[in-house]
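Trainee: The following block contains a protein sequence and its predicted model.
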Amino acid sequence: MAGRRGALIVLEGVDRAGKSTQSRKLVSALRAAGHRAELLRFPERSTEIGKLLSSYLEKKSDMEDHSVHLLFSANRWEQVPLIKEKLDQGVTLVVDRYAFSGVAFTSAKELRLADAATRGEFGCERYENWAFQERALRCFQQLMTDPTLNWKAVDASRSVEDVHEEIRTLSEDTIRTAVQRPLEELWK
Ligand code: 2DT
Ligand code: MG
């Protein structure tokens, strides 16, 4: 349909939930079904700000927590003109993490102050440990209670194909209804 805007589809969740795999599969499936769809990710590590974040995440550099939070935010804002342009052109954007990771991961740091238990880290990057991920999950669950956000919870413990099928169906619905919400509402 001419003039129809694209949908902004955000995949959020803790590390290793399968967001990147599912985002890629979703873009392919939407394209195969005749939609215009593109993939974005945050942090977008290729920009100057993204390089600072990447170095921080890889523990090659340290940064004050508030500053890091604002850099993650800036890293999204630098893509907003592109996001608006694409959605306006009718391109659906599948986004691997967005501002909700920003809230959940920064909140998880604040919760840590009250958390007595310290556990060993299992990953190489900052935040890649069970205790931290559990706190981030609690924050995501709290964010999901906001009725103004159109969240759908997807059980990521199933097979890649089953999860994909559910996300694809939900996304098709979202693309169909996206046109009812003007783009300006996204940045209120
Ligand atoms: P990836 O493993 O997906 O590259 O993410 N993060 C992400 C934040 O702390 N704040 C944010 O605003 C965003 C978008 C989550 C790397 C890590 O960055 C965290 C995991
Ligand atoms: Mg990661």
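Mentor: Ah, there it is. Ligands and ions are numbered 1, 2, ... in the order given.
Trainee: what does stretch 155-164 rub up against?
Mentor: Outside stretch 155-164, the residues that touch it by C-beta atoms under 8 Å, 6 or more residues apart in numbering are 13, 17, 18, 21, 22, 25, 26, 29, 154. For the C-beta atoms, the positions are set from N, CA and C on the backbone; glycine is no exception.
Trainee: And what about the nearest residue to residue 22 once chain neighbours are set aside, helix, strand or coil?
Mentor: Computed as C-beta to C-beta, 6 or more residues apart in numbering, the closest residue to residue 22 that is not its neighbour in sequence is residue 167, at 5.6 Å. With DSSP: H, G, I helix; E, B strand; the rest coil as the basis, residue 167 sits in helix.
Trainee: Point out where this protein drops to low pLDDT.
Mentor: 1-3, 112-122, 187-188 (pLDDT under 70).
Trainee: Strands of that one, start to end?
Mentor: 8-11, 37-41, 92-96 (DSSP state E).
Trainee: Run through who's touching the first one.
Mentor: When contacts are defined by C-beta under 8 Å, 6+ apart, strand 8-11 is touched by residues 19, 22-23, 26, 83, 87, 92-98, 100, 167, 171, 174-175, 178, 186.
Trainee: now do stretch 165-172
Mentor: Against stretch 165-172 from outside (C-beta under 8 Å, 6+ apart): 7, 9, 11, 22, 26, 29, 30, 33, 92, 94, 152, 154.
Trainee: any idea how far that stretch is from the chain center?
Mentor: Relative to its chain's centre, stretch 165-172 lies at 16 Å (C-alpha atoms, centre = their mean, to the nearest Å).
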